[in-house]
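> Predicted model and sequence follow; I will ask about them next.
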Amino acid sequence: SLLEKRTTRHHEEQQREVAQLHEKITSLTSNNSDLQKLLAHHAILQEEGAISLEGGGVSFKKLALENDSPAAVQPSDADQDARRQERDQLQQQLNEMQNKFSDSERAAEERGRAAEARLAQCDEQLERSSTLTEKLQQQVLELSSDASNVRAELDAANTSTADARLQFQESESRVSELQSLHQSSEQKARELEERAAALQRRLAVSDEDMQRLQQRAGNAEAAVEGKRKLIQEMKEHIDELERAHNTEKQQLSEQLQGQQQQHQQQLQQAQKEVIRLSDEVSAASSLHESVSLLQQEKAMSEERSVQLQDEVTSLKDYWQVEREKILAEQLIVLHQANAEAEQEKQVLSTRLEISVIQRQELEEKRVALEKQLSDAEEERLIQERRGLARLKDVKKQLSVERRRADKLQDKLAQLLADPAVITGFASTGAALVSDAGDDVSSVSSWSMVSGEQRPCADTAPQSPVSCTSEGSCPSETTELLARVAALQTEKWQQDEQLQHLEASAAAMAQDIIAKSAIIQHYCLQSSPAAHNYQHGVSSHGQQGGTVPGSPASRAGMRGVLNRLKEVGGEVANNMAASLAMAAREENSKEMNRRLQALLEETLLKNINLHRDVDNLTQQVQELTILAAGAANGGTGDEAHGGVVLSTEARDDCNGGIVEVSIQEQLRQYETEYGKQV
């Protein structure tokens, strides 16, 4: 039961990690799209003979003035070609960086798909396997191998990030070179301005041309300053990306360490369970030894009873011989004594029968009262366990619902605080609605409806007709959402009540079956025991009846009476010893009955445990076959990743309800297994 709880927790943590990875991938894709837009918008124009200020790009026009040498004024073609080549190379490098970034995004998406596939496999294993007792060590080894594979993947990701950093550093160095080139171009522009001033002094006719050139130079300086600002923004954005990547790397390493610790804890718990089972086996063996000792004692007591019976028979023979002698001497006295003895024997037998009947009635009442007490205690314990289980379930559900409500409130606050994010997610919400179809669950449908209505509310001042045309009012939507939430909560409560009633009915049926079997067993044992007890009592009564009890009143028969008294005292002592032995035998029989009942209960428990172990072995074999099939069909799953993502997206929509049902089934099984143990 503890292992199943920990596996469920581990499964929930993996799902959270996958959701975080999805969010990170979406943020990276949005950042990449923003960078691409910026690069496309701020492209540097390189055409000769024109000045373009669109998007911050600048290209300097060649200046050809009168009375000036072209070599001194105009830059050389070689410099222009070199600059063009450098800019082309930088553009190619930027494109390569974008391609690598897209490749890294694809790799991250593939890893996310693989993680989702693993999560699906874990869900199937949780649904099919209830407890894993015999092959826990093998599964832990497999998990450690998976952890090593994840480490290898992280190392590969680290190497790729290091390469990306090197490439970013190279791009920064090249940007610095471009800045130096821009500075040199600025210096050349200043020199050109100085030369233009000198030419203005010399040539008064070209004042208008000089003014135009000064205006162009000022525009060029403004464009250069805009380009510098853009480069600084790009640097800051690259630094932010590096920081985010470092934080993600640290988080992944911490998650791996946590998973390793969890696996070690699971191993320790499995070892503790193995030790506990070995202790139970040793206790069972000790019980078997005690039973064997009791059987030996029983055999010895039977031998002693046989010896005593032989002594009694010998005494009977001796008594018959003596009686014949006495009968030969005085038949009349013996007839009278026999008549009186028979009367006393009848009285004693009637008393014994009455006492035996009363004792049987009292024993039956005592047994009935003990059964009633045990039944009442069992019912009380069952009710307490059910109440505790229900309280635990309700507490867990409350915590889960509170977490979900807090998350939804945080998301709503973020979306309402950022109108740009709301407008950006409008198109993605519509695409998700078209892909999800009719299989979307209640929670996802709420998020989709809110995602579709928020952009309409945000864009109301720009286009007031759009919201009215759709006919969606926020008050109506909130009322509808509240109604849907209330209906879903009522449905979940009804489903939980039905499941609890079914579980309680099944538990009560199992208890009734077990109690009926035990009652039948004890009834079959009690009837022959009572019969043997009555038979023993009657036989002892008959033997006691043979003892002569009344002395003769005649004076001539004193010797005979004294002899009869001596013989009667010996017979009474022998009968007392035989009664004490019978009481000991009864006590030993009661002890044997109790031990037999304990043995029967332990055997029933062992039978149930054997059945559970057989079921677990069958489930483990099925899981191994499924794992082998999944390993063989891994390539096909990777080839059809898009279809798997779409199906998993639909399954994730209804994940909350499925997880709740799985958790309830696991709790029911844990309670049943705890009762059996």
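Cool, the structure landed.

> When you work out contacts or count neighbours from here on, use the C-alpha atoms and nothing else.
OK.

> Could you list the low-pLDDT ranges of the stretch 501-650 of the chain?
Along the stretch 501-650 of the chain, the model assigns pLDDT under 70 to residues 515-572, 574-576, 633-650.

> next structured bit after the helix or strand where Glu221 lies?
In the assignment (DSSP states H and E), Glu221 maps to helix 207-329. Counting by DSSP H and E, the next helix or strand C-terminal to helix 207-329 is helix 331-417.

> can you give me the angle that next one makes with helix 207-329?
180 degrees (axes from the mean of the first three to the mean of the last three C-alpha atoms, to 10 degrees).

> returning to that earlier point: avg pLDDT for the helix holding Glu221?
Helix 207-329 shows a mean pLDDT of 76.

> Show me what secondary structure element comes after the helix or strand hosting Ala503.
Ala503 is part of helix 474-545, with elements assigned from DSSP H and E. The helix or strand immediately downstream of helix 474-545 is helix 558-632, counting by DSSP H and E.

> Against which helices or strands is that following helix packed?
Under the contact criterion of 3 or more C-alpha pairs under 8 Å, 6 or more residues apart in numbering; DSSP states H and E, helix 558-632 touches helix 207-329, helix 474-545.

> Tabulate those helices (TSV), appending mean neighbour count.
Shown next, in TSV, are those (neighbours: other C-alpha atoms under 10 Å):
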stretch	mean neighbour count
helix 207-329	14
helix 474-545	13
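
> okay, these in CSV with distance to Asn95 next?
As requested, the helices and strands packed on helix 558-632 are exported to CSV (distance: least, C-alpha to C-alpha, whole Å):
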stretch, distance to Asn95
helix 207-329, 15
helix 474-545, 45
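
> Nearest approach to Arg366 belongs to which of these?
Arg366 lies closest to helix 474-545 among those, at 13.6 Å (C-alpha to C-alpha).

> Can you pull out the low-pLDDT segments for the stretch 301-450 of the chain?
326-327, 330, 333-334, 337, 418-450.

> Kindly recompute the last result at 50.
425-450 (pLDDT under 50).

> Equivalent analysis for the stretch 51-200 of the chain, please.
In the stretch 51-200 of the chain (pLDDT under 50), the answer is 51-74.

> circling back: out of the helices and strands packed on helix 558-632, which comes closest to Ser588?
helix 207-329 (7.4 Å).

> Show me what that closest one is packed against.
Checking 3+ C-alpha pairs under 8 Å, 6+ apart, helix 207-329 ends up next to helix 2-41, helix 136-202, helix 558-632.

> give me that answer again for 6 Å
Under the contact criterion of 3 or more C-alpha pairs under 6 Å, 6 or more residues apart in numbering; DSSP states H and E, helix 207-329 touches no helix or strand at all.

> by how many degrees do that helix and helix 558-632 diverge?
Using the same axes, to 10 degrees: helix 207-329 against helix 558-632 is 160 degrees.

> Compute the distance between Lys188 and Ser102, please.
40 Å (C-alpha to C-alpha, to the nearest Å).

> actually Gln360, not the one I typed
Plainly put, Gln360 is 90 Å away from Ser102 if you go by C-alpha to C-alpha.

> now do Arg385
Distance of Arg385 to Ser102, computed by C-alpha to C-alpha: 56 Å.

> Then Leu604?
If you go by C-alpha to C-alpha, the gap between Leu604 and Ser102 works out to 63 Å.

> Check Glu273 too.
49 Å.

> what's the answer for Gln15, then?
Where Ser102 is concerned, Gln15 sits at a distance of 25 Å (C-alpha to C-alpha).
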